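Enquirer: Pasting the sequence and the predicted model now:
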Amino acid sequence: MRRRPGPPTRSRAAEPVNRFFVYRPVFGWVIAAFIALAGVIALNSLPVEQYPNVAPPSLTLNYTYTGADAETLDRNVTSVIERN
C-alpha cells in the first residue's frame, strides 16, 4: 500500500503538549492570563524618564575687533557666525 503525499509529519514529542491544552482550554487561558499579568507588572516597574537631563548646546566665542563699536561687531562678526 502506497502512502499519499501530504503535509510533512510532525514530531511525536509535541503531540502530548498539544493534547493537554486542547482538552484543558481553561488551563491554557489561565496560563496566558498569568503571562499577560506578569508583563503588565514588568512594564510598570521599568525605569523610564520622559525628559532626561540633557544640557542644551552652547557656544562661547571671544572675539576682539579693535576700534569697532557694537553695531559693527554685530554686523561683521555675530551675524556671520549665526548664519553659518
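Expert: In hand now; what should we look at?
Enquirer: phi, psi of the residue nearest the centre of the chain?
Expert: In the chain, the C-alpha nearest the mean C-alpha coordinate belongs to residue 48, at 11.0 Å (CA atoms, centre = their mean). Dihedral angles of residue 48 (phi, psi; degrees, to the nearest 10) stand at phi -130, psi 130.
Enquirer: who touches the helix or strand of the chain with the lowest mean pLDDT?
Expert: None of the helices or strands of the chain scores lower by mean pLDDT, DSSP states H and E than helix 79-83, at a mean of 78. Residues outside helix 79-83 that contact it (CB atoms under 8 Å, 6 or more residues apart in numbering): residue 61. Yep, even glycine has a C-beta here, placed from its N, CA and C like the rest.
Enquirer: Same question for that helix: list its buried residues.
Expert: The neighbour-count check on helix 79-83 (16 or more other CB atoms under 10 Å) flags nothing as buried.
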